[in-house]
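Q: sequence unavailable; structure follows:
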């Protein structure tokens, strides 16, 4: 290995900050964490080597505060910043500021990021480069009049999408004309709140679509490779919840073709570092460029599991100016990998977020082929202010079947008490015959939710008995040697202050 | 896949029982646990689907109680028994009883096991088959007169070894003649207590030896493959504590040669199922057959990490009569893997066992290439009656360097409070330049223990400050909202009863 | 001891008898279960029913228990006079909609007194970076809206009443 | 508050001043440390010293604290009058040897009154399936042996006294 950073700052929180800290520790790089008021006890702070406070709980006052982050970076002597995903990860203004101040931004330079961040500009560029794009508008919608006009041309159903978007935020499916205007307003408002940019454009809604993305790596010498695809069609509210690689929908020829197009996409904008090219694949196996994510993806671990390549370490090597240590032919994925995103949401109550204290946590880590990328610990209070992603559970198997069975096994060992999680929902998905056969598209969850959930009668009996025993023990009051400690006053106060400052 | 069992009984406890339960759950087989009085709350009971009590805490009254285990197996309708390692795993009498009662024993049949279990018989057989063995006696030592005679012929230093032995029990290094008789008595007594057989034999002590073993799999059709070697030279008191694969001491030619000899060893005794052929490799890279372990090894996970092959699943497939689904050429190990055996022992106090309650446990599970095979959980009371192995921490890396750094990273996240563990000792080993360079033999730990342990002055300062803060807080009594719950009377009583029954 | 529990609106009568410290006998709907119990904490038990093992977490909610088995959550209701008169039951067509999560009211989409259809969005609540439309569970008239736009609400707060 | 601690037989004097709930100032051997502390439990703290982060567990033993940092255990002694007169210090050549683990006495290798060398095995203690030779820490005469062969001992029990 050539040159490497001595110290880097991680401008993020949660599981992805922990993920990057782990890579740094393994490379002998000092990781520096930053934290908001709400994150004083967060796992990424506990596992870092240095940590600095950067502001109040609302992201705009901390994790999105460019000035403060650059100031801390300079003060602690970090040579580079890893942005993780979300927050400033695709903020071209932030990249420019880093470039100006001589701090290495671990990701692409500001020009390709700006271009890819503006989804309509990206569409125009790709169209010009001969890459297939989804029919729709090439520019943001200016007003409601234009909205009606363009929508009429594209036809219903259609998608309204945030130009600055990603992660399902600011995205609305419009099935009929009557919902068009209200959906447009919601999309604009959510875009504004998530990305500080209310631009929205229209895309044709593809039938029975697959959402498949290709991971690429490009070094500073222009060498670009693809690392296989990820099938991301299991989505709820246009947000991915479960990903796998390889996609059960693709064959090897198409896999290679999409990989090569992904490399062309990166080349068309002079892309460097790790990136993901997202495609929509229709039921006729025709694929269209959707967007390029100019950052590490949440679901990057499944690619790591089948290739053995640590993508975060590659990002650091590329940013430090080292060449990729492998060529396209050296990348030989083996086996199958799945990822479940463990959100603090209640699947029995419309997937409402469920912040609060994790009273008890039995991590599912254990055994061959199980990976647990966590951002929380027992006793941790999941804050209200950020994404409800607690952890990612990833399994690997020689076959898809083995990876699925392993995931079910690991999920059955994953116990969380104190807050709600979507674990039971994953069990439904993974046990569903259509998922098991690999015959699914982005409508899968919507269809699943219409099906009656069946309950094992034995589990029902045991649940009644267990509840009966608890009820009995409560009535005897013989089971509470250590009464619940009330929240200390200052904590509630701090939380309320942080909250009111946000409003 | 061909035929498969519906239900199997696991005649073991701790991490290996959990390991087997996990494989069963992934294969749709109902795992049945058995437990002693001391294990009513053990993890293997919690994770099983069925569990039956088999007796008091002392192994002879529970995990070694053949009649009781067979009775439970028949009563619950299990078709096969997995013995794990230790306890009945290499008890040929138990295998015969299973054979008589029509229960499938998941391992070799009784004849090769009996032969391999009697180490002197194994030495005779291998010598006859043309396989190199270590110079020494071919039969157990009858009395002290013969002991002196044979010792004189072999020469000092020499090893006294239990004929029925394994795991370092009943093994003594004798450097000088004056220690011969007392060592013989200790070895006999420990053999008797561990294996219910006091036979001991003599082997020449090899200089600067490496302890390297080869994993084999043999199906019922006689197809036998090797899955690479494990370097097991990091030993304390003749017991392995850290293993890795591939061995940094071997080259590819020798690796293949040892693999082929291992297959010959298995063939010489008609071996079926998973097994390990242990070799001593001297400083001139000459190798000698040491023994064959007719079972799954503690350190089997490192082989799984580099091959992707689940050895427990293979054991079940072979026992069910299915052919191996791969040939020798299909086995292509990739990368490097290390295992640390996390024992409840105090490295700062002569590695004395440290049973007790795990008050707090932060599992090191997390991130790419980290595997945690656990037998415990937070709140678990590590019993006094069994092996002090709490868990195994396994890492994988593209290179040996990456696997080592990953292990150090994972160990730094592994926090246990309430009992002592040998984690700090692993950190010393892994940071040692000779280990890092891969230049070590079985003397490594002995030599390491003579070196002064250096302490980071920063960590010393922080330790003083942390102790100061605790002392300050204690004096204010402001930090104990939940006083330690006293052990309930019945628990101490049960423990004492179990204990006195043993005496 | 006699206990009544609800599962999916069906009542189950349980009779519990603690035969020894770790041994409870449960009679339920005519069937008898001999149960060995190990307690890890007030909410975590290991049940062994004729050899079958269940590692469960039983957490109390208001009016119910959530029982976690094999990673699944199963809700069992407590039967009590309060339960029978509780907020969730439809009483003369009037229904209170409460929030199950804390968050901030981004927008209120209908006026007090307005008629809404079942499934029509009444307001938008933002929590954990997601905007959630809170819909009317039934057709009716919005009798009252609790919070104002921009206000933050705690779990259990009343959002609106339909009558 | 003033506190005296021992590290490898060297005394360290600390002066602690709690400036705010999560802010402690420590003066130690002439140096001043401004420390931010987060408390997870009575024994788990997160210390932030000028940006450097240490996640520590401090567990009390008799007469000392074991501080776990980065997976390592560092022992810090409490200084107190008891400590100075404590069992471990060599007082007129007499030393008590206690067991640090529970176990069973398999064999006693020397007689009371017998002379032993430093490092000579006095008895064999079996625990967790391993037989451990308990050796004399110094040359001298075995004044007394606590347990008998076959007896089980609890942690901290006196094994023998050498004088």
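A: The structure has been received and is ready for your questions. Keep in mind it's a predicted model, so treat the numbers as computed, not measured.
Q: any stretches of chain C with poor pLDDT?
A: For chain C, the stretches flagged by pLDDT under 70 are C:80-93, C:129.
Q: quick check: residues of the stretch 51-200 of chain A near chain C?
A: A:169, A:186, A:189-190, A:193-194 (C-beta under 8 Å from any C-beta of the partner chain). C-beta here means a position set from N, CA and C on the backbone, and glycine is covered the same way.
Q: again with the stretch 201-350 of chain A
A: Proximity of the stretch 201-350 of chain A to chain C, by C-beta under 8 Å from any C-beta, involves residues A:237, A:344, A:346, A:348-350.
Q: is residue 133 in a bridge, and if so with what?
A: Defaulting to chain A. Per DSSP bridges, the residues bridged to residue A:133 are residue A:289.
Q: I was thinking of chain C, sorry if that wasn't clear
A: Beta-bridge pairing for residue C:133 (DSSP bridges): residue C:124.
Q: wait, it sits on residue C:119?
A: No: using C-beta atoms under 8 Å, residue C:133 is not in contact with residue C:119, being 9.7 Å away.
Q: out of these two, which sits in the busier spot?
A: Legend: neighbour count by other C-beta atoms under 10 Å in any protein chain shown for residue C:133 and residue C:119, higher for residue C:133 (16 against 11).
Q: what bridges to the one residue sitting closest to the centre of chain C?
A: Residue closest to the mean C-alpha point of chain C, counted by C-alpha atoms, centre = their mean, is residue C:64 at 5.8 Å. Under DSSP bridges, the beta-bridge partners of residue C:64 are residue C:61, residue C:77.
Q: could you list the domains of chain A?
A: A:7-106, A:135-204, A:210-494 (automatic domain parsing).
Q: in a markdown table: these, plus mean neighbour count.
A: Compiled in a markdown table, the domains of chain A are given as follows (neighbours: other C-beta atoms under 10 Å in any protein chain shown):
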| stretch | mean neighbour count |
| --- | --- |
| domain A:7-106 | 22 |
| domain A:135-204 | 18 |
| domain A:210-494 | 20 |
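Q: what does stretch C:34-52 contact?
A: By C-beta atoms under 8 Å, 6 or more residues apart in numbering or on different chains, the list of residues contacting stretch C:34-52 from outside reads A:359-360, A:417, A:458, A:462, A:465-466, A:469-470, A:473, A:479-480, B:32, B:40-41, B:45-46, B:49-52, B:76, B:379, C:22-26, C:33, C:53-59.
Q: inside strands: which ones of the residues you listed?
A: A:360, A:417, B:32, B:50-52, C:23-26, C:33, C:53-59 (DSSP state E).
Q: that older thread, closest one to residue B:316 among the domains of chain A?
A: domain A:210-494 (13.3 Å; C-beta to C-beta).
Q: spit out the contact partners of residue 108.
A: Answering for chain A, as no chain was given. Shown in contact with residue A:108 (C-beta under 8 Å, 6+ apart): A:95, A:116, A:271-273, A:275, A:294.
Q: oops, chain C please
A: Applying C-beta under 8 Å, 6+ apart, we find residue C:108 in contact with C:122-124, C:145, C:148-149.
Q: turn those residues into a markdown table, columns for neighbour count.
A: Below are the contacts of residue C:108 laid out as a markdown table (neighbours: other C-beta under 10 Å):
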| residue | neighbour count |
| --- | --- |
| C:122 | 21 |
| C:123 | 23 |
| C:124 | 20 |
| C:145 | 21 |
| C:148 | 8 |
| C:149 | 12 |
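Q: ok, of these, which one's closest to chain A?
A: When the contacts of residue C:108 are ranked by distance to chain A (C-beta to the nearest C-beta), residue C:124 comes first, at 7.5 Å.
Q: so the closest one sits right up against residue C:135, yeah?
A: No: counting by C-beta under 8 Å, residue C:124 stays clear of residue C:135, with 10.5 Å between them.
Q: what strand or helix carries residue A:266?
A: Assessed by DSSP states H and E, residue A:266 sits inside helix A:252-268.
Q: average pLDDT across that helix?
A: Taken as a whole, helix A:252-268 has an average pLDDT of 97.
Q: run the contact check for whichever helix or strand comes after that helix versus chain B.
A: Going down the chain from helix A:252-268, the next helix or strand is strand A:273-281, by DSSP H and E. No: judged by C-beta under 8 Å from any C-beta, strand A:273-281 stays clear of chain B, getting no closer than 14.3 Å.
Q: run through the neighbouring helices and strands of strand A:273-281.
A: If you count contacts as 3 or more C-beta pairs under 8 Å, 6 or more residues apart in numbering or on different chains; DSSP states H and E, strand A:273-281 packs onto strand A:210-218, helix A:252-268, strand A:287-293, helix A:311-319.
Q: strand partners of whichever helix or strand comes after the last one, parallel vs antiparallel please.
A: What it means is helix A:311-319. Toward the C-terminus, helix A:311-319 is succeeded by strand A:336-343 as the next helix or strand (DSSP H and E). With DSSP bridges as the test, strand A:336-343 is paired with strand A:239-245 (antiparallel), strand A:389-397 (antiparallel).
Q: stretch A:406-420: end-to-end distance?
A: Across its full length, stretch A:406-420 reaches 22 Å between end residues, using C-alpha to C-alpha, to the nearest Å.
Q: give me the mean pLDDT for it.
A: 91.
Q: that one close to chain C?
A: Yes: remark: stretch A:406-420 sits within contact range of chain C at A:411-415, A:417-418, A:420, by C-beta under 8 Å from any C-beta.
Q: list the contacts for residue 60?
A: With no chain named, the answer covers chain A. Listed by C-beta under 8 Å, 6+ apart, the contact set of residue A:60 is empty.
Q: the chain in question should be chain C.
A: Applying C-beta under 8 Å, 6+ apart, we find residue C:60 in contact with A:470, A:474, C:66.
Q: go on, residue A:416?
A: A:358, A:360-362, A:390, A:423 are the contacts of residue A:416 under C-beta under 8 Å, 6+ apart.
Q: could you export the residues you listed as TSV, including pLDDT?
A: Listed next are the contacts of residue A:416 as TSV, based on pLDDT from 0 to 100:
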residue	pLDDT
A:358	92
A:360	86
A:361	89
A:362	86
A:390	96
A:423	93
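Q: give me the low-pLDDT residue ranges for the stretch 51-200 of chain A?
A: Looking along the stretch 51-200 of chain A with the criterion set at pLDDT under 70, you get A:166-167.
Q: one more pass at 80, please.
A: In the predicted model, the stretch 51-200 of chain A carries pLDDT under 80 at residues A:165-168.
Q: and residue A:233, backbone torsions?
A: Backbone torsions of residue A:233, given as degrees, to the nearest 10, read phi -80, psi -10.
Q: for chain D, see how far away it is.
A: 39 Å (C-beta to the nearest C-beta, to the nearest Å).
Q: who's the residue in chain C that chain D sits nearest to bridged to?
A: Nearest residue of chain C to chain D (C-beta to the nearest C-beta) works out as residue C:41 at 15.2 Å. Listed by DSSP bridges, the beta-bridge partners for residue C:41 are residue C:44.
Q: number of residues surrounding it?
A: Counted by other C-beta under 10 Å, the residues lying close to residue C:41 total 15.
Q: what of residue C:117?
A: Look at residue C:117: counted by other C-beta under 10 Å, it has 10 neighbours.
Q: would you mind listing what in chain C touches chain B?
A: Checking chain C against chain B by C-beta under 8 Å from any C-beta, the hits are C:21-22, C:38, C:40-41, C:46, C:48, C:51-53, C:55.
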